[in-house]
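Asker: I'll drop the sequence and a predicted model, then ask my questions.
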Amino acid sequence: MKKILLMGNPNVGKSAIFTSLTGINARTSNYPGTTVSYTTGTLTVLKKGSACASCCKSSCKGCSYGFVEKIEVVDVPGTYRLDPLSEAEKVACRLLPEGDMIINVVDATNLERNLNLTLQLLEMNKPVIVVLNMWDDTIHKGIKIDVEKLSEMLGVPVVPATGTTGQGIDKLIEYITNYPQEPVSKREYKNRWAAIGEIINAVQNLENRRHTFLERLQDISVHPFAGIPIAIIVIIAIFRVIIGIGEYLIGIMEKLFERFYTPVIMALSRLLGGEGVLHQIFIGDISGETIDYEAAMGVLTTGVFLEIGIVLPYILIFYIVLGFLEDLGYLPRLAVLFDRFMHRVGLHGFSIIPMMLAMGCNIPGILAIRNIESRRQRFITATLTAITIPCFAQSAIIFSITASYGTGHVFAILGTILSVWLVLGSALSFFVEGTTDTLIMEVPPYRLPAFKVLLRNLGTRIYGFLTDAFPYVLGGILFVNILTILGVMDFLGKIAAPIITGVFGLPEGTVASFVVGIIRKDAAVVLFEPLNLSGAQMVTGVTLLIIYFPCMATFVIMLKELGLKDTFKSFIIMVIVTLITGTYIRFFMNVLKDPWLYVIFTVLLSFTVMLVLSRIADKRHQAKYM
């Protein structure tokens, strides 16, 4: 099967061209030995034989002379060069020899910059077709490109196209099936940028025009002062939409489970005799004709309902919103806005995206760290995410239960988590070896996403979530159930009890919550409700439940993404942070009494620590490299 590579700079619309060629059915794979993914699909073309070419029957709908040709299409990771620096660029270059033909997708509104890669591809002695994507934007911006002249100067076919609408795709497919008829001669450019200048002068003309409202909005949304309030409004709106729709979908899923899945589980329970080791592991604790799926703790009850009934609805809505913002072009702006602040904790702005994902569910947040280049930044991002970012389900329960204690206690929890994030991030940046890479990211113009592209990306992400996370969640619950039957969990509870009651000042009844929290954090928070905790104890307990250990599903995903060594390091950090934080909250909540004073003091102290560590790290860096 012929293989075609779609290559181009990041954010040139390759995915839209790919979807137009192959449809929404695609396969996403990681390149061997890396965490970089690429997508493959199949272009199906009906080719007609020579008899069809001479056929003059207007009513002909095809005959036996025609045949179907299948062509593999690979959406290669975006790259600016063929002398790679980043992991994604290295994968793009490794895929290059595998292709029989290259389709170079170019952003027609930024022709000069894109031609640098084009000329490098022309030097590879492979058939190349240049696609001038975003042709509609080119017309709107008053950019005129002489397509025939450009094709003549490059020596290859050039097709103007708009991937989101399908304009020009038929012409592109025609070129793919019929080009080249003769061997391709190798081209060389002694001075590539001089050649690009000659091409631009010959083929491109710009008209004077005024900025549109969308372009002004683009500038405002990335401005250091105006952009931050806009980002906060966008993030709040995202959370409101996801929580509202997610809770509605969870209600529907509960009814579907009750109607269709409960009879299956009840039948399986009777088959297993209603008790025994296998029943405890796979079904858990059930009674009567109804099942409390969150409390049963069986692999086929809690395990399946946890991911399909609770997590998936939030993930579905979150991925729809995320995909829209991503294709719209807002996420790169968000990364740029937060880049300077994120450097204080040893990260660059891109790490804000996995952390935003984790606010929906920690699992996709941890999965998203694979897009971060350096091991150091992946470790810091994953550790901060697992310790300080509660998922939507947990956040909703926390707010509902702690609200009765007053707004001050709610902010005491949030202020402590923010402070842990600031201090821990600064400490990790200071002690973890390595440097923080400079954020080099193209900020694309705003464009309305294509529905087909959104649908394809959504399907790919949901499929990835189900295949990457779901088996690990079931395996994690299976493992915990086996430990429970063996008495290991009770043993761990007894070991932790003196610390929880003696050091943190919590009643003995909270020990069970911390054991349950290993599997399900929101269920663990609910167990605090009947204990009549004081305000200070509630702040201590809820905060520690957030930071002491991620849910088992997140932990096994960390093992998969970070490896055993780095995950163990992260676990040790969790234990240390939990001990320090629990002791701190108990002491200062009792000393300061008022939760608002506690919040102000804690946040100011954490910012001071962050600034001091950051200043020391800067001086150390200067002394090392000067």
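Answerer: Ah, there it is.

Asker: alpha carbons of stretch 9-16, as PDB, please.
Answerer: Written as PDB, here are the backbone C-alpha positions of stretch 9-16 (Å, rounded to 0.1, in the frame of the first residue of the first chain):
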ATOM      1  CA  ASN A   9       4.800  23.300  10.700                       C
ATOM      2  CA  PRO A  10       2.700  23.100  13.800                       C
ATOM      3  CA  ASN A  11      -0.700  24.700  13.600                       C
ATOM      4  CA  VAL A  12      -1.000  24.800   9.800                       C
ATOM      5  CA  GLY A  13      -4.200  22.700   9.700                       C
ATOM      6  CA  LYS A  14      -2.700  19.200   8.900                       C
ATOM      7  CA  SER A  15      -5.400  17.500  11.000                       C
ATOM      8  CA  ALA A  16      -8.200  19.200   8.900                       C
END
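
Asker: ok, A496 - contacts?
Answerer: Neighbouring residues of A496 by Cβ atoms under 8 Å, 6 or more residues apart in numbering: 511, 514. (C-beta placed from N, C-alpha, C; glycine too.)

Asker: cutoff 6 Å now
Answerer: Contact partners of A496, counting by Cβ atoms under 6 Å, 6 or more residues apart in numbering, are absent.

Asker: could you check the pLDDT of it?
Answerer: We have a pLDDT of 82 for A496.

Asker: my guess is it is in a helix, correct?
Answerer: Yes. Under DSSP: H, G, I helix; E, B strand; the rest coil, A496 sits within a helix.

Asker: please tell me how far it sits from F549.
Answerer: A496 sits 11 Å away from F549, going by Cβ to Cβ, to the nearest Å.

Asker: do V241 as well
Answerer: From V241 across to F549, the span is 30 Å (Cβ to Cβ).

Asker: these two - which one has more neighbours?
Answerer: Per other Cβ atoms under 10 Å, whichever of V241 and F549 has more neighbours is F549, with 20 against 14.

Asker: contacting residues around stretch 599-607?
Answerer: 411-412, 415, 419, 422-423.

Asker: alpha carbons of that stretch, as CSV, please.
Answerer: The C-alpha trace of stretch 599-607 is given here as CSV (Å, rounded to 0.1, in the frame of the first residue of the first chain):
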residue,chain,number,x,y,z
VAL,A,599,-5.7,32.1,54.5
ILE,A,600,-4.0,35.5,54.3
PHE,A,601,-1.0,34.4,56.4
THR,A,602,-0.5,31.0,54.6
VAL,A,603,-0.7,32.5,51.0
LEU,A,604,1.6,35.4,51.8
LEU,A,605,4.1,33.0,53.5
SER,A,606,4.0,30.7,50.4
PHE,A,607,4.6,33.5,48.0
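
Asker: check contacts around D146.
Answerer: Contact analysis of D146 by Cβ under 6 Å, 6+ apart lists V203.

Asker: need phi/psi at it.
Answerer: Dihedral pair for D146: phi -80, psi 100, per degrees, to the nearest 10.

Asker: roughly how far does it sit from T118?
Answerer: 16 Å.

Asker: ditto for G276
Answerer: Distance from G276 to T118, by Cβ to Cβ: 67 Å.

Asker: same question, I242
Answerer: Relative to T118, and taking Cβ to Cβ, I242 is found at 40 Å.

Asker: re the thing from before, quick check, nearest of the contacts of stretch 599-607 to I283?
Answerer: A412 (40.0 Å; Cβ to Cβ).

Asker: that closest one: neighbouring residues, count only.
Answerer: 31.

Asker: from memory it sits against W596, does it?
Answerer: No. The pair A412 / W596 is not scored as a contact, 8.2 Å apart, by Cβ atoms under 6 Å.

Asker: walk me through the domains of this protein.
Answerer: What automatic domain parsing lists as the domains of the chain is 2-49+61-206, 227-608.

Asker: separation between E215 and W135?
Answerer: Going from E215 to W135 by Cβ to Cβ gives 18 Å.

Asker: which of these two has more neighbours?
Answerer: A count of neighbours by other Cβ under 10 Å puts W135 above the other of E215 and W135, at 22 against 14.

Asker: what separation do you get for that one and M101?
Answerer: 21 Å.

Asker: ok, S513 next?
Answerer: Taken as Cβ to Cβ, the span from S513 to M101 is 60 Å.

Asker: am I right that T40 is in a helix?
Answerer: No. Using three-state DSSP, the assignment for T40 is strand, not a helix.

Asker: so which strand or helix has G415?
Answerer: Assigning secondary structure by DSSP states H and E places G415 in helix 407-431.

Asker: ok, longest helix in the protein?
Answerer: In the chain, taking DSSP state H as the definition, the longest helix is helix 552-592.

Asker: what is that one packed up against?
Answerer: The elements that helix 552-592 packs onto, with contact taken as 3 or more Cβ pairs under 6 Å, 6 or more residues apart in numbering; DSSP states H and E, are helix 362-367, helix 375-388, helix 470-486, helix 535-547, helix 595-625.

Asker: same thing but at 8 Å, please
Answerer: For helix 552-592, the packing partners by 3 or more Cβ pairs under 8 Å, 6 or more residues apart in numbering; DSSP states H and E come out as helix 362-367, helix 375-388, helix 407-431, helix 470-486, helix 535-547, helix 595-625.

Asker: so which residue is smack in the middle of this structure?
Answerer: A368 (3.9 Å; Cα atoms, centre = their mean).

Asker: that older thread, who has more neighbours, S513 and M101?
Answerer: Each of S513 and M101 has its neighbours counted (other Cβ under 10 Å); S513 has more, 22 against 19.

Asker: where in the stretch 501-626 of the chain is pLDDT low?
Answerer: Counting by pLDDT under 70, the stretch 501-626 of the chain has low-confidence residues at 520, 522-523, 526, 621-626.

Asker: same question, the stretch 201-350 of the chain
Answerer: If you take pLDDT under 70 as the line, the stretch 201-350 of the chain has these spans: 208-212, 288.

Asker: quick one: the helices in it?
Answerer: Taking DSSP state H, counting those that start in this stretch, the helices of the stretch 201-350 of the chain run over residues 213-221, 227-256, 262-271, 277-282, 293-296, 304, 312-328, 331-342.

Asker: out of these, flag the one nearest L206.
Answerer: Comparing the helices of the stretch 201-350 of the chain under Cβ to Cβ, the one sitting nearest is helix 213-221, at 14.8 Å.

Asker: and the angle for that closest one with helix 227-256?
Answerer: Taking axes from the mean of the first three to the mean of the last three Cα atoms, to 10 degrees, one finds that helix 213-221 is oriented at 100 degrees with respect to helix 227-256.

Asker: buried set for helix 213-221?
Answerer: 218, 221 (16 or more other Cβ atoms under 10 Å).

Asker: give me the contact list for that helix.
Answerer: Residues from elsewhere that reach helix 213-221 (Cβ under 8 Å, 6+ apart): 226-227, 230-231, 329-330, 333, 445-446.

Asker: mind doing that once more with 6 Å?
Answerer: The contact list for helix 213-221 (Cβ under 6 Å, 6+ apart) reads 226-227, 230, 333, 445-446.

Asker: make JSON lines from the domains of the chain and add distance to I616 to it.
Answerer: Output for the domains of the chain, formatted as JSON lines (distance: least, Cβ to Cβ, whole Å):
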{"stretch": "domain 2-49+61-206", "distance to I616": "30"}
{"stretch": "domain 227-608", "distance to I616": "7"}
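
Asker: between these, which gets nearest to A617?
Answerer: domain 227-608 (5.2 Å).

Asker: the closest one: how far from the chain's middle?
Answerer: Chain-centre distance of domain 227-608: 15 Å, with Cα atoms, centre = their mean, to the nearest Å.

Asker: quick one: terminal-to-terminal distance for it?
Answerer: Start-to-end span of domain 227-608 (Cα to Cα, to the nearest Å) is 25 Å.

Asker: begin at 13, not 1, for the rest of this chat.
Answerer: Right, with 13 as the first residue, what we last looked at is domain 239-620.
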